[in-house]
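# Turn this into a model:
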Amino acid sequence: MAGLHKWASHRAGLAIFERLAAADSRNVLWQTDLANSYGHIAEVNIADGDLHGALANYRASHVVWERVVRIDPANSERQMELLWSHARLALLLDDPAARIELILFTLRLFKENGLLNAHQMRWLPFAEEANAALKLGDRDFQLVMLNIFWRSAPLTPNPVKQASLVVAMLRQLKKDNKLEPEHARWLSEAEAKLIQLRQN
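Next up, the predicted model:
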């Protein structure tokens with residue numbers, strides 16, 4: 001029942017933000033709310049084991065983030081949100097090579113032009129690690145990406161949200177019999193850590 005209420009709440013919120021965003025396509029705050037709303041539904045999809053639904057909603061969110069960056073191209077925080085959107089889609093194996101290469105190229109370009117602050121500079125090694133993992137198979141690439149998402153969670157505005165995504169994805173991989181014993185142990189540790197994060 002709680003899950004149904006959550007779905008109803010997210011869908012109602014999405015409907016509101018769709019109307020607002022449609023009314024003013026250049027209102028950055030409304031467009032940002034819409035992008036985040038699609039993202040929230042994608043997270044519920046993942047928790048429910050619906051990766052196809054998650055991919056569809058992350059793609060919808062990505063389209064809006066691209067619109068936001070076109071409206072406000074000088075805002076580095078929104079540029080980072082767009083790069084994270086690429087990373088989430090890469091995690092779900094949506095053209096991961098092109099997306100990771102774009103993330104790495106953008107971060108290096110921003111660094112060369114002095115556009116990364118000290119906090120954002122910490123994303124570059126993660127992008128390089130993801131790029132090196134592209135030569136692996138799909139499952140191993142996803143595991144590397146999940147490890148990156150897990151370790152970078154403290155650097156994000158919402159560590160609980162990012163950790164929850166990792167746990168949900170690990171649970172789905174376990175359900176699909178794609179986790180080796182050592183990764184299954186990682187899932188147990190991640191679940192315990194997520195409980196601690198939610199209590200803090």
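# how long is stretch 152-162 end to end?
9 Å (Cα to Cα, to the nearest Å).
# secondary structure element for residue 107?
helix 96-112 (DSSP states H and E).
# What segments of the chain are strands?
Secondary structure of the chain (DSSP state E): no strands located.
# Helices of that one, start to end?
For the chain, the helices defined by DSSP state H cover 2-23, 28-47, 51-71, 76-91, 96-112, 118-121, 123-132, 138-152, 159-175, 181-199.
# Mean pLDDT for those - can I get that in TSV?
Shown next, in TSV, are those (pLDDT from 0 to 100):
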stretch	mean pLDDT
helix 2-23	70
helix 28-47	92
helix 51-71	96
helix 76-91	94
helix 96-112	96
helix 118-121	89
helix 123-132	96
helix 138-152	93
helix 159-175	90
helix 181-199	88
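# picking up where we left off before, go ahead and name everything in contact with the helix holding residue 107.
For helix 96-112, contacts defined as Cβ atoms under 8 Å, 6 or more residues apart in numbering pick out 76, 79, 83, 86-87, 89-90, 116, 120-121, 123-124, 127-128, 130-131, 134, 141. C-beta coordinates here come from the backbone N, C-alpha and C atoms, glycine included.
# of those, buried ones?
Buried subset of those (neighbour count, 16 or more other Cβ atoms under 10 Å): 79, 83, 86-87, 89-90, 116, 120, 123-124, 127, 130, 141.
# Tell me which residue lies nearest the centroid of this structure.
Centroid-nearest residue in the chain, with Cα atoms, centre = their mean: residue 88, separated by 3.7 Å.
# which residues sit in contact with it?
By Cβ under 8 Å, 6+ apart, the residues touching residue 88 are 39, 42, 58, 165.
# With residue 92 instead?
Each residue near residue 92 by Cβ under 8 Å, 6+ apart is listed here: 51, 54-55, 58.
# I figured residue 145 was touching residue 93, is that so?
No - Residue 145 lies out of contact with residue 93 (Cβ atoms under 8 Å); the separation is 9.4 Å.
# Between those two, which is the more surrounded one?
residue 145 (24 against 15; other Cβ atoms under 10 Å).
# Can you list the buried residues in stretch 58-70?
Residues 58-62, 64-65, 67-69 are the ones in stretch 58-70 that count as buried (16+ other Cβ under 10 Å).
# Export those to JSON lines and append columns for distance to residue 153.
Shown next, in JSON lines, are the buried residues of stretch 58-70 (distance: Cβ to Cβ, whole Å):
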{"residue": "58", "distance to residue 153": "18"}
{"residue": "59", "distance to residue 153": "23"}
{"residue": "60", "distance to residue 153": "24"}
{"residue": "61", "distance to residue 153": "19"}
{"residue": "62", "distance to residue 153": "21"}
{"residue": "64", "distance to residue 153": "23"}
{"residue": "65", "distance to residue 153": "20"}
{"residue": "67", "distance to residue 153": "27"}
{"residue": "68", "distance to residue 153": "23"}
{"residue": "69", "distance to residue 153": "23"}
